[in-house]
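Visitor: Sequence first, then the predicted structure:
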Amino acid sequence: FQQFPEGLFYEVVHLCRPCHNREKARGLGKYICQKCHAIIDELPLIFKNDPYHPDHFNCNNCGKELTADARELKGELFCLPCHDKMGVPICGACRRPIEGRVVNAMGKQWHVEHFVCAKCEKPFLGHRHYERKGLAYCETHYNQLFGDVCYLCNRVIEGDVVSALNKAWCVSCFSCSTCNTKLTLKNKFVEFDMKPVCKKCYEKFPLELKKRLKKLAEVLVNLSKDQHTNLNARLSLR
């Protein structure tokens, strides 16, 4: 404590220059420059809510005056060209530098929270995404908007699609419904109960059933797709 002439004692607090300037600025209602930590007497330049002397808002690397596209990295400010030369990844969504975890997808880099479904805007957070015309979608909305859904597994088909029996199938799911032997469009198969049956299993069918299937196949040649589906449904119920 220090005694003043009026006989009163006041607590003396020793402050470093930045803290002294901050306390002084608070009392004067002024800003403190984030670069030199001195009081700003004139109109401050504000960047990301931080005040600067206008002549102190410059690139930490080349010294050039910064503009609105300035980039901040570890508390330092850089112009866009200098920042890009440092190899810091830029988020494909917000165009800001990524200092933490990086998501690499669709030829770009993203903040984890900014790599989202184009429809529901929920982050993927490591879950699978599906691409369509430069946009990413979660499985649910890709399915709703564009996806071929496998008749057997009921999931969005990735890669090649097998189109058979007026349905879409995963390559790995297109198989004989009786013995589960994998099939291709080059294999001989017949349709039974709206599903494929390989030739070997078909030969084991009762003779009467095979006759009915053969007759049905002849009728289907002249039927529309909708009639085909309805007839198959009736046959499967017998």
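Guide: Nice, thanks for sending it over.
Visitor: Give me the pLDDT for the residue nearest to D50 when sequence neighbours are not counted.
Guide: In space, and not counting its chain neighbours, D50 is closest to Q34: 4.5 Å by Cβ to Cβ, 6 or more residues apart in numbering. Quick note: C-beta positions are derived from backbone N, CA and C, even for glycine. Predicted confidence (pLDDT) for Q34: 78.
Visitor: Helices along this structure, start to end?
Guide: For the chain, the helices defined by DSSP state H cover 17-28, 80-85, 139-145, 199-203, 207-220, 225-236.
Visitor: Look up phi and psi at the residue nearest to D50.
Guide: For Q34, the backbone dihedrals (degrees, to the nearest 10) come out as phi -70, psi -10.
Visitor: Roughly how far does it sit from F47?
Guide: When Cβ to Cβ, to the nearest Å is the yardstick, Q34 and F47 sit 8 Å from each other.
Visitor: Look at these two and report which has more neighbours.
Guide: Taking other Cβ atoms under 10 Å, Q34 and F47 do not tie; Q34 has more neighbours (20 against 15).
Visitor: these two touch, right, that one and P51?
Guide: Yes. Counting by Cβ atoms under 8 Å, Q34 touches P51, with 6.4 Å between them.
Visitor: what about E99, how many neighbours?
Guide: If you count neighbours by other Cβ under 10 Å, E99 ends up with 12.
Visitor: roughly how far apart are it and C91?
Guide: 10 Å.
Visitor: these two touch, right, F192 and L213?
Guide: Yes. Judged on Cβ under 8 Å, F192 makes contact with L213 at a distance of 6.6 Å.
Visitor: Give me the more crowded residue out of these two.
Guide: Ranked by neighbour count (other Cβ under 10 Å), F192 and L213 place F192 first, with 21 against 16.
Visitor: Now do the more buried one against F146, distance only.
Guide: Going from F192 to F146 by Cβ to Cβ gives 31 Å.
Visitor: tally of neighbours for the closest residue to K188 other than its chain neighbours?
Guide: Excluding the flanking residues, the one nearest K188 by Cβ to Cβ, 6+ apart is K199, at 4.5 Å. K199 has 12 neighbours, counted by other Cβ under 10 Å.
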